[in-house]
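*Asks:* sequence first, then the predicted structure, then my questions.
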Amino acid sequence: MEQKKKGLLFISCEEAQHICDKAQYDEANTWEKIKLNIRLSWCKITRAYYKRNVKLTKAMESSKAECLDPKTKRAMQAKFDEELAKH
């Protein structure tokens, strides 16, 4: 019975990283955020991952990177497939 209680609040590093990724995009629920905050309070590895994640998100937002629109992307893929079929 003691094991279940531990698993309820204490999560693995991998699970914490997954929740951290979800939290960056507002996809984590309240309970997941609570478990992540508990993990962040004592785990240096998870804290470092969290900080890098935040830094990467800020860098991407400030870069104003533009992605290809779907129509252009499909055209490029079709051209690539056409050229690949020749060989």
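*Replies:* Nice, I can see it.
*Asks:* got any ranges where the chain has weak pLDDT?
*Replies:* 1-7 (pLDDT under 70).
*Asks:* in it, where's the longest helix?
*Replies:* As assigned by DSSP state H, the longest helix anywhere in the chain is helix 44-63.
*Asks:* for it, C-alpha coordinates in CSV please.
*Replies:* Taking C-alpha atoms only, helix 44-63 is exported to CSV below (Å, rounded to 0.1, in the frame of the first residue of the first chain):
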residue,chain,number,x,y,z
LYS,A,44,18.3,18.9,-10.2
ILE,A,45,18.0,17.0,-13.4
THR,A,46,14.4,17.9,-13.9
ARG,A,47,15.0,21.5,-12.9
ALA,A,48,17.8,21.7,-15.5
TYR,A,49,15.5,20.1,-18.2
TYR,A,50,12.7,22.6,-17.2
LYS,A,51,15.0,25.6,-17.5
ARG,A,52,16.4,24.4,-20.9
ASN,A,53,12.8,23.9,-22.1
VAL,A,54,11.7,27.4,-21.1
LYS,A,55,14.8,28.9,-22.7
LEU,A,56,14.2,27.0,-26.0
THR,A,57,10.6,28.1,-26.1
LYS,A,58,11.5,31.7,-25.5
ALA,A,59,14.2,31.5,-28.2
MET,A,60,11.7,30.0,-30.7
GLU,A,61,9.1,32.7,-29.9
SER,A,62,11.6,35.5,-30.3
SER,A,63,13.1,34.2,-33.5
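*Asks:* packing partners for it?
*Replies:* On a contact count with 3 or more CB pairs under 8 Å, 6 or more residues apart in numbering; DSSP states H and E, helix 44-63 meets helix 13-24, helix 30-42. The way it works is simple: take the backbone N, C-alpha and C, and place the C-beta from them, glycine included.
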